[in-house]
Structures are given as C-alpha cells and as structure tokens.
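J.: Okay, sequence plus prediction incoming.
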Amino acid sequence: MLVLVDLEANSTLPTHSDPNEQAGYLLKGDLEFTIDGEHKILHPGDIYFIRSNVEHSAKVGPNPVQLLDIFTPIREDLKSE
C-alpha cells in the first residue's frame, strides 16, 4: 500500500508502533526520525525502513514535509482513504 503523507511544519508524530512493515521516501522538507531509539535527520531523497512492531516517532522541521509511505500488508485503517 502506498500512502502520500503531508505533515505540517513543526508538527510531531508521537512514539508508536504498527504491525505492518513500513518503508518510505522523503519527497520534501526535513524530518527528524527516531526508529528503535536511533535518531536520524532525513532530507529529500532519503529513504527509511521500519520493521513491524518497532517503536518510531518523528519531528517535522520548520517547513512542511511530504513523504511516500509504503506499508505491507495493507493497513486496514487506511484502506478507505
């Protein structure tokens, strides 16, 4: 499942985990990602991978962020969007 995600400047995604595998590609903006306790600053063109059930969170920089999230299996909670 591919999901185009737009995040507002200076917003945060709280720490959580998902049963799905997740990968993504940052299209625009800068994003501070914490995955399984490891902090990384992502810039446009960077990719990330999150194994199922691994805690992760994110902080958006001063500019909006757009990313393409890839989930497997399909996230049932996002199917209708």
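T.: Structure's in. What do you need?

J.: The nearest residue to Gly29 once chain neighbours are set aside pairs with what?
T.: With sequence-adjacent residues excluded and distances taken as CB to CB, 6 or more residues apart in numbering, Gly29 is closest to Val65, at 3.4 Å. Heads up, the C-betas are built off the backbone N, CA and C, glycines and all. Assessed by DSSP bridges, Val65 has beta-bridge partners Leu7.

J.: Ok, the one 5 residues further on next?
T.: Listed beta-bridge partners, Ile70: Leu2, Ala23 (assigned using DSSP bridges).

J.: Now for it, how many residues are close by?
T.: Neighbourhood size, Ile70 [other CB atoms under 10 Å]: 16.

J.: tell me the contacts of it?
T.: 1-3, 22-25 (CB atoms under 8 Å, 6 or more residues apart in numbering).

J.: pretty sure Val54 is touching Asp36, no?
T.: Yes: Val54 lies in contact with Asp36 (CB atoms under 8 Å); the separation is 4.9 Å.

J.: The two: which has the busier surroundings?
T.: Val54 (14 against 10).

J.: Can you check the pLDDT for that one?
T.: The per-residue pLDDT reported for Val54 equals 97.

J.: Look up how far Ala9 lies from it.
T.: Val54 sits 26 Å away from Ala9, going by CB to CB, to the nearest Å.

J.: again, but for Asn20
T.: Remark: distance between Asn20 and Ala9 (CB to CB) = 27 Å.

J.: What of Leu67?
T.: Distance from Leu67 to Ala9, by CB to CB: 14 Å.

J.: With Phe33 instead?
T.: Computed as CB to CB, the Phe33 to Ala9 distance reads 16 Å.
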